[in-house]
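Undergrad: Give me a 3D structure for the following:
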Amino acid sequence: MNSPAVLGTPRTTRIVGAPVDPAVLVAPVQASLGSFFAPRGAFLDPHSNALWIADSGHHRVLGWRQAPVVPGVPADCLLGQADASGEGRNAGEKLSPAQGLNLPVGICVAGNALVIADSWNHRVLIWDQQPETDRQPPDRVLGQADLQGLDMNRGRRKPAADSLYWPYGVSWDGEYLVVCDAGNRRVLLWAGLPHTSGQPADLVLGQTDFDCRDENGGHDPDARGMRWPHAACRWQGHLCVADAGNHRIMVWQDLPQNPGTPADILLGQADPGAVHNNGGGLSPNARVLSMPYGVAALDDTLWVADTANSRLLAWRESDLQTGAAACRVFGQPDFALRGENRWQPACADSLCWPYGVTSSGSQLVIADSGNSRVLIVPAEQL
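TA: Here you go, the predicted structure:
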């Protein structure tokens with residue numbers, strides 16, 4: 001097993017959100033255009049340098065035309081609330097259903113489009129162009145028939161290829177839109193960016209058909225089923241899914257073509273039937289995970305937001321086998337520790353319950369939820 005990367009003091013890490021004050025353990029949560037409350041998703045467009053953050057605790061999304069380089073810079077665009085101080089679900093009905101948000105989480109840019117998982121409204125929203133104005137309504141919706149619908153699985157008893165229940169992660173690889181439909185315990189894939197509202201998915205993983213939502217596919221845990229899938233990414237041709245409820249990362253060597261295809265490799269567990277966090281132990285190590293909510297590909301490494309252990313772990317492609325040890329850790333001084341901010345005040349290289357991680361060029365973008373901030377970390381600082 002390789003030693004973890006040595007954590008120095010990052011000098012080029014950018015902090016987006018309220019400035020870090022080592023003397024303050026709990027930051028204020030009042031909504032403003034320059035601060036957040038428990039953000040769970042963030043995406044930095046590598047082409048335009050636009051930054052989008054799902055300010056989940058305030059039920060809104062904030063956008064910057066250019067990613068800020070110092071903390072506290074106010075956002076240029078506000079989605080989901082009537083004004084900068086608003087923070088209620090669906091804007092407290094001050095806006096239309098098309099404009100409101102209810103716990104936005106996963107977020108990505110797909111070409112020119114912006115895609116947001118509006119989790120508690122059980123839908124995924126798509127803007128054909130990244131919004132330029134506040135409260136700009138999306139162009140289409142997935143999981144609902146139209147932008148007025150807000151019910152889980154469209155109010156039906158069973159899910160279908162065109163419905164969602166608590167969608168969380170969204171990702172785009174240039175060919176497929178992947179949505180982690182956490183409440184239905186499945187992952188849905190669309191070939192190409194959907195062009196109509198309510199368009200049904202083309203493929204389901206985690207279940208053998210579109211009308212089932214059973215935990216672990218309705219059978220004992222194995223490499224086919226899922227419990228709470230929360231994020232997905234493509235990496236070196238593989239499809240990787242963070243199955244937070246089973247404390248593991250599911251890896252398909254190639255993009256699956258059939259419903260319910262079992263994963264080829266599992267990270268975080270020693271075998272397909274294992275489901276305990278941290279391998280059933282009290283402390284973590286390089287081979288285990290506890291509620292991994294995020295996953296991102298950065299160059300030749302796969303980075304995982306090991307959320308409940310307040311750290312990120314990385315694997316190289318040469319590491320890939322079930323139960324393999326991670327090669328690097330960020331947020332903790334070694335693989336055996338799990339303290340929130342290392343049981344110290346927050347600093348530039350500490351984490352507290354990181355719920356989301358995405359990549360942009362040679363940087364990781366981390367939704368450091370427990371610290372109510374987003375970190376943009378260059379590869380050389382990881």
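
Undergrad: show me where pLDDT drops low in the stretch 201-350 of the chain?
TA: Within the stretch 201-350 of the chain, no stretch has pLDDT under 70.

Undergrad: Could I get the full set of helices for it?
TA: For the stretch 201-350 of the chain, no helices are identified by DSSP state H, counting those that start in this stretch.

Undergrad: Need the residue closest to the centroid of the protein.
TA: The centre of the chain sits closest to residue 356, judged by CA atoms, centre = their mean, with a distance of 4.0 Å.

Undergrad: quick one, phi/psi of residue 91?
TA: Backbone dihedrals for residue 91, given as degrees, to the nearest 10, come out at phi 60, psi 30.

Undergrad: number of nearby residues for the closest residue in space to residue 204 that isn't next to it in sequence?
TA: Closest residue in space to residue 204, ignoring its immediate chain neighbours: residue 259 at 4.9 Å, by CB to CB, 6 or more residues apart in numbering. C-beta coordinates here come from the backbone N, C-alpha and C atoms, glycine included. Residues contacting residue 259 under the criterion other CB atoms under 10 Å number 16.

Undergrad: can you check the one 4 residues further on too?
TA: By the other CB under 10 Å criterion, the neighbourhood of residue 263 contains 27 residues.

Undergrad: That one and residue 320, how far apart?
TA: Per CB to CB, to the nearest Å, residue 263 is found 11 Å from residue 320.

Undergrad: Same check on residue 80?
TA: As judged by CB to CB, residue 80 and residue 320 stand 38 Å apart.

Undergrad: So for the two, which residue has more residues nearby?
TA: The residue with more neighbours, out of residue 80 and residue 320, is residue 80; 28 against 18, by other CB under 10 Å.

Undergrad: Might one say that that one is in contact with residue 56?
TA: No - Residue 80 lies out of contact with residue 56 (CB atoms under 8 Å); the separation is 10.4 Å.

Undergrad: Which residues are in contact with each of the two?
TA: With contacts taken as CB atoms under 8 Å, 6 or more residues apart in numbering, residue 80 and residue 56 have residue 104 as neighbours in common.

Undergrad: Helices along the stretch 51-200 of the chain, start to end?
TA: Assigned helices in the stretch 51-200 of the chain: none (criterion: DSSP H, counting those that start in this stretch).

Undergrad: who touches residue 243 in this structure?
TA: Contacts for residue 243 (CB under 8 Å, 6+ apart) come out as 226-230, 249-250, 292.

Undergrad: Contacts made by stretch 201-208 with the rest, please.
TA: Under CB under 8 Å, 6+ apart, the answer for stretch 201-208 is 161-162, 179, 184-191, 210, 213-214, 217, 224-226, 229, 241, 256-261.

Undergrad: mind checking the end-to-end distance for it?
TA: Start and end residues of stretch 201-208 are separated by 14 Å (CA to CA, to the nearest Å).

Undergrad: Contact partners for the residue nearest to the centre of the chain?
TA: 39-42, 54, 105-106, 169, 231, 293-294, 305, 366-367, 369.

Undergrad: Same question for residue 351.
TA: 310-312, 330-331, 340-341, 366, 368, 370-371.

Undergrad: Mind doing that once more with 10 Å?
TA: In this structure, residue 351 makes contact with 305-307, 309-312, 330-332, 339-342, 366, 368-371, 375, judged by CB atoms under 10 Å, 6 or more residues apart in numbering.

Undergrad: Among the residues you listed, which ones are in strands?
TA: Residues of these located in strands (DSSP state E): 305-306, 311-312, 330, 366, 368, 375.

Undergrad: Tell me which two of those sit farthest apart.
TA: By the measure CB to CB, 306 and 375 form the most distant pair in the ones in strands among the contacts of residue 351, at 15.1 Å.

Undergrad: between the two, which one's more packed in?
TA: Higher neighbour count among residue 306 and residue 375: residue 306, with 33 against 27, using other CB under 10 Å.

Undergrad: low-confidence ranges in the stretch 1-150 of the chain?
TA: Applying pLDDT under 70 to the stretch 1-150 of the chain flags residues 1-11, 18-28.

Undergrad: so how far is residue 241 from residue 266?
TA: With distances taken as CB to CB, residue 266 is found 10 Å from residue 241.

Undergrad: What of residue 208?
TA: Residue 208 sits at a distance of 16 Å from residue 241 (criterion: CB to CB).

Undergrad: Of the two, which one has the most company?
TA: residue 241 (26 against 18).

Undergrad: Tell me which residues touch that one, please.
TA: Listed by CB under 10 Å, 6+ apart, the contact partners of residue 241 are 169, 171, 178, 180, 187, 205-206, 226, 229-233, 248-252, 263, 292, 295.

Undergrad: how does it look with 7 Å?
TA: Listed by CB atoms under 7 Å, 6 or more residues apart in numbering, the contact set of residue 241 reads 180, 187, 229, 232, 249-250.

Undergrad: what's the neighbour count on the nearest residue to residue 161 once chain neighbours are set aside?
TA: Closest residue to residue 161 apart from its sequence neighbours, by CB to CB, 6+ apart: residue 200 at 3.6 Å. Residue 200: 14 surrounding residues under other CB under 10 Å.

Undergrad: Equivalent analysis for residue 196, please.
TA: Neighbourhood size, residue 196 [other CB under 10 Å]: 9.

Undergrad: likewise residue 69?
TA: Number of residues near residue 69 (other CB under 10 Å) recorded here: 11.

Undergrad: For it, grab phi and psi.
TA: According to degrees, to the nearest 10, the main-chain angles of residue 69 amount to phi -110, psi -10.

Undergrad: That one and residue 118, how far apart?
TA: Using CB to CB, we find residue 69 at a distance of 29 Å from residue 118.

Undergrad: And residue 93, by the same measure?
TA: Remark: distance between residue 93 and residue 118 (CB to CB) = 15 Å.

Undergrad: burial count for residue 352?
TA: Here the number of neighbours of residue 352 (other CB under 10 Å) works out to 18.
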